[in-house]
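> When you get a sec, could you give me coordinates for this:
(one chain, ligands or ions: 1)
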Amino acid sequence: MYVSEALQSLTVYLGRHGIEHPSTDAEWLLSFVLDCKRLELFLMPERVLTAEQTERLRALSMRRAQREPLQYIVGEVDFFGQKLTVDKCVLIPRPETEESVYQVRGYLEENFFKEPSDLSDIGYEGQKSLKILDLGTGSGAIAIALSALFPSVKFTAVDCSVEALAVAEKNSIVNNVRERISFVQSDWFSNIKGTFDVIISNPPYVSEEEYRSLQPEVRCFEPKSALTAEDEGLADLKYILSKAPEYLKRDGLLVMETGCTQHAALRAYAKTLGYVKTQSTLDLSHRERYFWAWV
Ligand SMILES: C[S@@+](CC[C@H](N)C(=O)[O-])C[C@H]1O[C@@H](n2cnc3c(N)ncnc32)[C@H](O)[C@@H]1O
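Model (predicted):
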């Protein structure tokens, strides 16, 4: 079978199985099997697939047709310029979380890395003592992306899942930031010692009702424990908000990714906890998605 024929028939097949972007997914799967870039497929339409490649493509296509996420099938995802391995033990990092990293990067630059001498060719070298805690690190996405940008910062990355921590640690090695991150198994703060300048978290915040309406890709394949929380999705957000002041330095900041209807409740709760200031920032669809609170 030619590359052009494989693309065409795979697109039709995935479309029939309700895949939202069948031609894009067909390109990803075929380029994965042929170990080439997507663009290259269009430069070699008459290349012939070997029997082994055809069989492999068939097996992977069946997985995608059963709605397994493309990222689990190919086993990796690009997150803020870092290549991360993902498997069923970890949530697939989302573009919304990249946006939170982008916003936190701006905050760190503005507040801790203002001086030109803080800048080096490979990243921000200033503020050697800065400490950041990533709560619920999953694949390690947030800690790894930020530690690549800020090599001098010391990160602690926490998850309750040993399997997730193993994936995160492996990702930190592949992305050459292992020595900048301490990985700790902990039920939120339970095994955490010391205080931090910034705590960043993308905790589970989906309500049971919302969960039932999610795509099969999410419901049937991603770990539910990484997604849902009790109290209409607020339980973990509120718990972290209530405990963070004990683990923040003076003027320290907590930033949490949230659902888009949760900020009124979080603002009201933060008021009872003595935070000096809170702020809500928006995702790229202009929804309130990041809750910032300063002690
Ligand atoms: C929404 S995922 C975020 C993963 C990653 N930070 C990201 O943004 O892609 C939430 C993570 O929190 C972890 N988690 C859930 N409950 C936890 C708890 N009680 N203590 C520590 N981590 C927890 C889950 O295992 C999961 O990895």
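
> Where is the longest strand in this protein?
Scanning the chain for the longest strand, with DSSP state E as the assignment, gives strand 248-257.

> Which elements pack onto the longest helix along the chain?
Ranked by residue count under DSSP state H, the longest helix found in the chain is helix 95-112. Taking 3 or more CB pairs under 8 Å, 6 or more residues apart in numbering; DSSP states H and E as contact, the helices and strands that helix 95-112 lies on are helix 141-149, strand 196-201, strand 248-257, strand 288-294. All C-beta atoms are positioned from the backbone trio N, CA, C, and that covers glycine.

> re the thing from before, which positions in the longest strand of the chain come out as buried?
Buried residues in strand 248-257, counted by 16 or more other CB atoms under 10 Å: 248, 252-257.

> Stretch 52-70 now?
Of the residues in stretch 52-70, those buried (16+ other CB under 10 Å) are 53, 56-57, 60-61, 64-65, 67-70.

> same deal with stretch 285-295?
For stretch 285-295, the neighbour count (16+ other CB under 10 Å) marks 288-295 as buried.

> Touching, residue 258 and residue 238? I think so.
No - using CB atoms under 8 Å, residue 258 is not in contact with residue 238, being 10.7 Å away.

> And these two? Which one has more around it.
Between residue 258 and residue 238, counted using other CB atoms under 10 Å, the more crowded position is residue 258 (23 against 19).

> per-residue confidence at the more buried one?
Looking at residue 258, its pLDDT reads 98.

> tell me the contacts of it?
Shown in contact with residue 258 (CB atoms under 8 Å, 6 or more residues apart in numbering): 205, 237, 266, 288-291.

> Now tabulate the buried residues of stretch 285-295 in TSV and tack on pLDDT.
Below are the buried residues of stretch 285-295 laid out as TSV (pLDDT from 0 to 100):
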residue	pLDDT
288	98
289	98
290	98
291	98
292	98
293	98
294	98
295	96
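
> Out of those, which are close to the ligand?
Contacts with the ligand are made by none of these, judged by CB under 6 Å from any ligand atom.

> Between these, which sits nearest residue 174?
Minimum separation from residue 174 among the buried residues of stretch 285-295 (CB to CB) is found for residue 290, which lies at 27.4 Å.

> Tell me the spacing between that closest one and residue 188.
Using CB to CB, to the nearest Å, one obtains 19 Å as the distance from residue 290 to residue 188.

> and stretch 161-176 with the ligand, contact?
Yes - applying CB under 6 Å from any ligand atom, one finds stretch 161-176 in contact with the ligand at 161, 164.

> what's the closest non-adjacent residue to residue 102?
Once flanking residues are discounted, residue 102 sits nearest to residue 80: 7.6 Å by CB to CB, 6 or more residues apart in numbering.

> I meant to write residue 167 there.
Residue nearest to residue 167 in three dimensions, not counting chain neighbours: residue 90, with 5.1 Å by CB to CB, 6+ apart.
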